[in-house]
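# fold the following.
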Amino acid sequence: MKKLALLVVAASALLAPGAAMAHPLGNFTVNRYSELSVSGERAYVLYVLDLAEIPTFQARRQGVDPTAYVRRIASNLDLTVGGRNASLVPLRHRLAFLQGQGGLKTMRLELVLRGPVLRGESRIAYRDRNYSTRLGWKEIVVRAERGARVVASSAPATSTTRQLRAYPEDLLSSPLDVTSISARVAAGSLSGTPPALGGREAAQAPDRAAESGFASLIGRGNLSLLVILASLGVAFFWGLVHALSPGHGKAIITAYLVGQRGTPRHAAYLGLIVTVTHTIGVFALGAITLLLSEFIVPDDLYPWLNLVSGLLVVAVAGGIVWARLGGRELGHHHPHEDDHGHHEGHEGGHHHHHGQGHGHSHLPTKPGWRGLVAVGISGGLIPCPSALVVLLAAISLHRVAFGLLLIVAFSAGLALTITGIGLLAVLAKNVFKRATFEGRLVRLLPAASAVIILAVGVAMTLRALPELI
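Now for the predicted structure:
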């Protein structure tokens, strides 16, 4: 009993997310900020780079030489004055690795570059070509001081994010994507003053307890048996919670089980397939991040995975519709009865009754393995970024076995929630079937489920396409 109490106490402590939160824009993002300032007679650029956990992990594995890294960043910044290229010379920089999610670090680079001396009124243009294919916040501002003026500009004068320190929650789903600007400025007569470097403050993240709580488990202190067991229980719990967030095909699974005469066993199979797919996906993406990051950017795979998931759903819906149009699942039931008899009233009379009754139903057949596997894979194909963070942190901390166990426990919690939702769908369908109005409504369920699955699949596919074009 004492051990059980200790286990509960340990689990309660582990349920509290660690102080280090996930990057607010996601673990894959590379965020860039440029402040083009005209100070007196000279132009300057304050450049800030904020790398989330996974790109920071990749950069540190490859080795970060601060001087060479600053030169490479500066070479991808273009400034023109009056249509002519102007040089940007690095003056000073600060490179810091800050605590991120799951024991991993985030990286923040602040760099001050000196531009040319300006005379009178000038038209300037600026472009940032760093990390052009990576997801993230891209912001540029233009300001003036010490007698200089901004006459006109396509960029604002103040930062929305306090130089990538505080991302507004209402814009996280559609982050700024500004990589070039133009402006007309008037130089002052005073000498210029370079911008000051900021502090080491990390980006502030909104509360995402399920993600940060799970990822923080890998970085806990000494791994006693009690801590390991409690951590696995907490990872299982966070998997349960994570499955309730948007995604993982819950609507598709529900519609599929309702429309295809699914049973509790089918719901359990779907939960298992989602779990196995999700676990394999995390391991595969981790291997790509570790071994192929020079050739494949891991976050570039997510749109492709979304596309494959959407196409799988469309294929499942297409199979259902095709089967119904082919006459195998017409969704109606009609009995036929041929009942005739004759009576002969002679002595020793006998009675003949030839009753021939038969009925056949064209209700949907129960789900086949191909459909179950396709629906399950579509629900688990997109790996949870926090699970990937746990895997990479486990490698970094030399706790690979523990990290794998955490991911399996997390995926098992995910599976239980998915299975539970599937069971609720099956039970709800059975309640409808026993209701007095079941006839018409239940006959419509297969067609309605096929339409829902098809609509969701098409929406998933269309949402993935713009990111691939």
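
# show me what contacts the nearest residue to residue 410 once chain neighbours are set aside?
In space, residue 410 comes closest to residue 239 once its chain neighbours are excluded; the distance is 4.1 Å by Cβ to Cβ, 6 or more residues apart in numbering. Every C-beta, even on glycine, is put in place using the N, C-alpha and C of the backbone. Contacts for residue 239 (Cβ atoms under 8 Å, 6 or more residues apart in numbering) come out as 214, 409-417.

# strands of the stretch 301-450 of the chain, residue ranges please.
Assigned by DSSP state E, counting those that start in this stretch, the stretch 301-450 of the chain shows strands spanning 333-344, 350-361.

# each with direction, which strands does the one helix or strand residue 46 maps to pair with?
Secondary structure from DSSP states H and E places residue 46 in strand 42-51. Strand 42-51 pairs in its sheet with strand 30-39 (antiparallel), strand 105-117 (antiparallel), by DSSP bridges.

# just how off-centre is the shortest one within its chain?
Relative to the chain's own centre, strand 30-39 is displaced by 28 Å; criterion: Cα atoms, centre = their mean, to the nearest Å.

# same question for that strand, mean pLDDT?
The average pLDDT within strand 30-39 is 96.

# then stretch 120-139?
94.

# going forward can the numbers begin at 600, since that is how I track them
Sure, I'll start counting at 600 from here, so that last one is stretch 719-738.

# now do the same end-to-end measure for that stretch.
Start-to-end span of stretch 719-738 (Cα to Cα, to the nearest Å) is 27 Å.

# in it, what counts as buried?
Buried residues in stretch 719-738, counted by 16 or more other Cβ atoms under 10 Å: 721, 723-725, 727, 729-730, 733-738.

# just flag the most distant two among those.
Maximum pairwise distance in those, criterion Cβ to Cβ, is 33.8 Å, between 721 and 734.

# count the neighbours of residue 769 for me.
7 (other Cβ atoms under 10 Å).

# and it, what does it touch?
Going by Cβ under 8 Å, 6+ apart, the list of residues near residue 769 is empty.

# swap in residue 659?
By Cβ under 8 Å, 6+ apart, the contact set of residue 659 is 696, 704, 706.

# where's the dip in pLDDT among those?
Within those, pLDDT reaches its minimum at residue 704, with 86.

# beta partners of that one?
residue 698.

# I'd say it and residue 655 touch.
Yes: the pair formed by residue 704 and residue 655 meets the contact definition of Cβ atoms under 8 Å, at 5.3 Å.

# chain center to the longest helix along the chain: distance?
In the chain, assigned by DSSP state H, the helix with the most residues is helix 999-1033. Remark: helix 999-1033 is offset 19 Å from the chain centroid, using Cα atoms, centre = their mean.

# what's the answer for stretch 832-839, then?
The gap between where stretch 832-839 is centred and where its chain is centred comes out at 18 Å by Cα atoms, centre = their mean.

# do the same with stretch 734-743
24 Å.

# next one: stretch 653-665
Stretch 653-665 sits 23 Å away from the centroid of its parent chain (Cα atoms, centre = their mean).

# same thing with stretch 861-873?
With Cα atoms, centre = their mean, you get 24 Å for stretch 861-873.

# quote the end-to-end distance of stretch 682-690.
24 Å.

# what's the answer for stretch 773-785, then?
33 Å.

# show me what counts as buried in that stretch.
774-775, 777-778, 780, 782, 784.

# which of the residues you listed fall in strands?
Judged by DSSP state E, strands contain the following of the buried residues of stretch 773-785: 780, 782, 784.

# for these, which one is nearest residue 1054?
Nearest to residue 1054, judged by Cβ to Cβ, of these is residue 780 at 40.6 Å.

# is that closest one bridged to anything, and to what?
Going by DSSP bridges, residue 780 forms beta bridges with residue 725.

# any chance of the contacts of residue 659 in CSV, plus distance to residue 833?
As requested, those are exported to CSV (distance: Cβ to Cβ, whole Å):
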residue, distance to residue 833
696, 27
704, 23
706, 28
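
# what sits against the residue lying closest to residue 777 once chain neighbours are set aside?
In space, not counting the residues next to it along the chain, residue 777 is nearest to residue 739; the distance is 5.0 Å by Cβ to Cβ, 6+ apart. Counting by Cβ under 8 Å, 6+ apart, residue 739 touches 632-635, 725, 727, 754, 777-780.

# bridged to residue 641, which residues?
residue 638, residue 716.

# next one: residue 632
Counting by DSSP bridges, residue 632 is bridged to residue 647, residue 738.

# my guess is it contacts residue 761. True?
No: judged on Cβ under 8 Å, residue 632 makes no contact with residue 761 at a distance of 9.5 Å.

# the two - which one has more neighbours?
More crowded of residue 632 and residue 761, by other Cβ under 10 Å: residue 632, with 25 against 14.

# what segments of the stretch 850-999 of the chain are helices?
Assigned by DSSP state H, counting those that start in this stretch, the helices in the stretch 850-999 of the chain fall at 863-890, 900-924, 968-979, 984-995, 999-1033.

# so which of those comes closest to residue 1049?
Of the helices of the stretch 850-999 of the chain, nearest to residue 1049 by Cβ to Cβ is helix 900-924, at 4.3 Å.

# and that closest one, what does it pack onto?
helix 849-858, helix 863-890, helix 968-979, helix 1037-1067 (3 or more Cβ pairs under 8 Å, 6 or more residues apart in numbering; DSSP states H and E).

# most packed of those helices?
helix 849-858 (a mean of 24; mean count of other Cβ atoms under 10 Å).

# from the chain's centroid, how far away is that one?
22 Å.

# between that helix and helix 999-1033, how many degrees?
Inter-element angle recorded for helix 849-858 and helix 999-1033: 40 degrees (by axes from the mean of the first three to the mean of the last three Cα atoms, to 10 degrees).

# contacts for stretch 1060-1068 next, please.
If you take Cβ under 8 Å, 6+ apart as the criterion, stretch 1060-1068 is touched by 901-903, 905-906, 909-910, 913.

# tabulate those residues (TSV), appending neighbour count.
Formatted as TSV, those follow (neighbours: other Cβ atoms under 10 Å):
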residue	neighbour count
901	18
902	17
903	12
905	20
906	18
909	22
910	17
913	19
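
# what's the farthest-apart pair in the residues you listed?
Spatially, the most separated pair among these is 901 and 913, at 18.7 Å (Cβ to Cβ).

# ok, back up a step: and the longest helix of the chain, what does it pack onto?
helix 824-842, helix 849-858, helix 863-890, helix 984-995, helix 1037-1067.

# now that helix: buried residues?
With burial defined by 16+ other Cβ under 10 Å, the residues of helix 999-1033 counted as buried are 1001-1018, 1020-1022, 1024-1025, 1028.
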